[in-house]
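> Here's a sequence, model it:
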Amino acid sequence: MREVSNQNPASSESKDSMRDYYQLQWELLVTTLILTAIFFAFVWYFYSLAIALNYLLGACTGVVYLKVLARNVEQLGTENSKVGKSQIALFVGVIIVATQWKQLQVLPIFLGFLTYKAALLIYMLRILMPSDSR
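Model prediction:
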């Protein structure tokens, strides 16, 4: 006897899409944190601890930016009709503080902020490469 499912196919597809979205979000976050640790070590070794800490400040800002952006995208279909621009205020605030505070340097902070972009590139290259497991 065939079992009748009460589940709506659209609802099941929506749940799969959200599961894929959360998996992508987690993968980007973990990749960004791993890259941050690697780049922090390299910057500390080749430059100085002060510059490495500036890089780390920018990278942490990038991680927070990525989380805020992900939250805004998650709410896109349910609560909001468009993605807000409030998350960029975080980056602008850190850059303004860096230009005003003499101990901070803008370039390492900016490059640290861009670490999440490197994670996006790694993800893109990974999905574009042919794989036997797919």
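> switch to C-alpha atoms for all contacts and neighbour counts from now on
OK.
> can you pull out the strands in this protein?
Applying DSSP state E to the chain gives no strands.
> Low-confidence stretches in it?
Applying pLDDT under 70 to the chain flags residues 1-14, 77-85, 132-134.
> Tell me where the longest helix sits in the protein.
helix 9-46 (DSSP state H).
> excluding its backbone neighbours, what's nearest Leu57?
Ile109 (6.2 Å; C-alpha to C-alpha, 6 or more residues apart in numbering).
> The one you found and Gln25: what is the separation?
23 Å (C-alpha to C-alpha, to the nearest Å).
> between the two, which one's more packed in?
Ile109 (26 against 15; other C-alpha atoms under 10 Å).
> can you tell me how far that one sits from Ala37?
Ile109 sits 15 Å away from Ala37, going by C-alpha to C-alpha.
> same deal with Val94?
20 Å.
> which one of those two has more residues nearby?
Taking neighbours as other C-alpha under 10 Å, Val94 and Ala37 compare with Val94 leading, 19 against 13.
> Near Ala52, how many other residues are there?
If we define neighbours as other C-alpha under 10 Å, then Ala52 has 22 of them.
> Please apply the same query to Glu27.
Glu27, neighbours per other C-alpha under 10 Å, totals 15.
> need the contact list for it.
Glu27 makes no contacts at all, as judged by C-alpha atoms under 8 Å, 6 or more residues apart in numbering.
> ok, Ile88 touching Lys67?
No. Applying C-alpha atoms under 8 Å, one finds Ile88 not in contact with Lys67, separated by 11.9 Å.
> Looking at these two now, which is surrounded by more residues?
Lys67 (17 against 12).
> List the residues that contact the more buried one.
Lys67 touches nothing, counting by C-alpha under 8 Å, 6+ apart.
> and Leu76, how many neighbours does it have?
14.
> again, but for Leu28
Neighbours of Leu28 under the rule other C-alpha under 10 Å: 23.
> now do Thr61
Neighbour tally, Thr61, other C-alpha under 10 Å: 23.
> ok, now which ones touch it?
Leu90, Phe91, Val94, Phe113.
> what's the answer for Thr32, then?
Val63, Thr115, Tyr116, Ala118, Ala119.
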